[in-house]
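Enquirer: Fold the following and give me the result.
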Amino acid sequence: NGSLYVADRGNHSVRRIDLADGSVETVLGTGRAGRARPDGADARATALNTPVDVLAAGDDLFVSVAGQQQMWRLDLPTGRVWVLAGSGEQGLVDGIGTAAAFGAPAGLALAGRQLIVADAQANALRAVSIDDGRVETLAAERPAAQRFTIACGYDAEGDTVSVYLTPTEGGTIPDAIVEN
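Expert: Okay, the predicted model is just below:
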């Protein structure tokens, strides 16, 4: 739609840049760190803490809010925001919506109806349903044999999202290709 969305981590907000005229506007956040747990709240009046990545899909903008250990969904036409997943407590817990826990959600990719999330502090790769907020761990650091670091980027071709992992401490890389 001629817009670029940017996670402005230092200013605790998400910005929209109009690529036609270069204007910038805040679409989420107040500019100050907060601990809000939005449920249909006005996005520009909702304080958040350290957004690190955004992903636009249709009319929705998904935001990894690392400072609050949550994934948020912003409805762009209405300017309303909700917690999609994450209790706000740091951890590695699968579940639906706020019953799940993240270490620090970071890099995002989309595979069908699932967000693929690099959970930085948990050293895990997570899938989050954009329909109901169900969180499932796809890969996580294991002792010795499967130690890895998750890249916060992805390469998408067709219906396959390839997520790249790097071994650490002499470990091996688990199979981490998610197919629709």
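Enquirer: OK, contacts around residue 33?
Expert: Applying CB atoms under 8 Å, 6 or more residues apart in numbering to residue 33 gives the contacts 12, 47-50, 67. Where C-beta positions appear, they are placed from N, C-alpha and C, glycine not excepted.
Enquirer: Which of those sits closest to residue 102?
Expert: Of all those, residue 102 sits closest to residue 67, with 11.1 Å by CB to CB.
Enquirer: Can you tell me the SS state at that closest one?
Expert: Following DSSP: H, G, I helix; E, B strand; the rest coil, we place residue 67 in the helix state.
Enquirer: per-residue confidence at residue 138?
Expert: Here, the pLDDT recorded for residue 138 equals 91.
Enquirer: coming back round to it: identify, from the contacts of residue 33, the entry nearest to residue 82.
Expert: Using CB to CB, the contacts of residue 33 come closest to residue 82 at residue 48, 12.3 Å.
Enquirer: I'd guessed residue 25 sits against residue 8; true?
Expert: No. If you go by CB atoms under 8 Å, residue 25 and residue 8 don't touch, sitting 11.6 Å apart.
Enquirer: okay, and the common contacts of the two?
Expert: With CB under 8 Å, 6+ apart, residue 25 and residue 8 have common neighbours residue 15.
Enquirer: what sits opposite the residue nearest the centre of the chain in the beta ladder?
Expert: What sits nearest the mean C-alpha location of the chain, by CA atoms, centre = their mean, is residue 64, with 3.1 Å. With DSSP bridges applied, residue 64 shows beta-bridge pairing to residue 53, residue 71.
Enquirer: How about residue 8?
Expert: residue 13.
Enquirer: And the contacts of stretch 126-138?
Expert: 57, 60, 62, 71, 73, 83-86, 92-98, 100, 102, 105, 110-111, 113-117, 119, 124-125, 176, 178.
Enquirer: One more pass at 6 Å, please.
Expert: Around stretch 126-138, the neighbours that count as contacts under CB atoms under 6 Å, 6 or more residues apart in numbering are 71, 84-85, 94, 96-97, 100, 113-117, 119, 124-125.
Enquirer: okay, that stretch in PDB with CA atoms only?
Expert: Taking C-alpha atoms only, stretch 126-138 is exported to PDB below (Å, rounded to 0.1, in the frame of the first residue of the first chain):
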ATOM      1  CA  ARG A 126       8.100 -20.700  17.700                       C
ATOM      2  CA  ALA A 127       5.000 -20.800  15.600                       C
ATOM      3  CA  VAL A 128       2.000 -18.600  16.500                       C
ATOM      4  CA  SER A 129      -1.400 -19.100  14.900                       C
ATOM      5  CA  ILE A 130      -2.700 -15.700  13.600                       C
ATOM      6  CA  ASP A 131      -6.200 -17.100  14.100                       C
ATOM      7  CA  ASP A 132      -6.200 -18.000  17.800                       C
ATOM      8  CA  GLY A 133      -2.800 -17.200  19.200                       C
ATOM      9  CA  ARG A 134      -1.800 -20.800  19.700                       C
ATOM     10  CA  VAL A 135       2.000 -21.000  20.300                       C
ATOM     11  CA  GLU A 136       4.000 -24.100  19.500                       C
ATOM     12  CA  THR A 137       7.800 -24.600  19.900                       C
ATOM     13  CA  LEU A 138       9.300 -25.800  16.600                       C
END
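Enquirer: All set, thanks.
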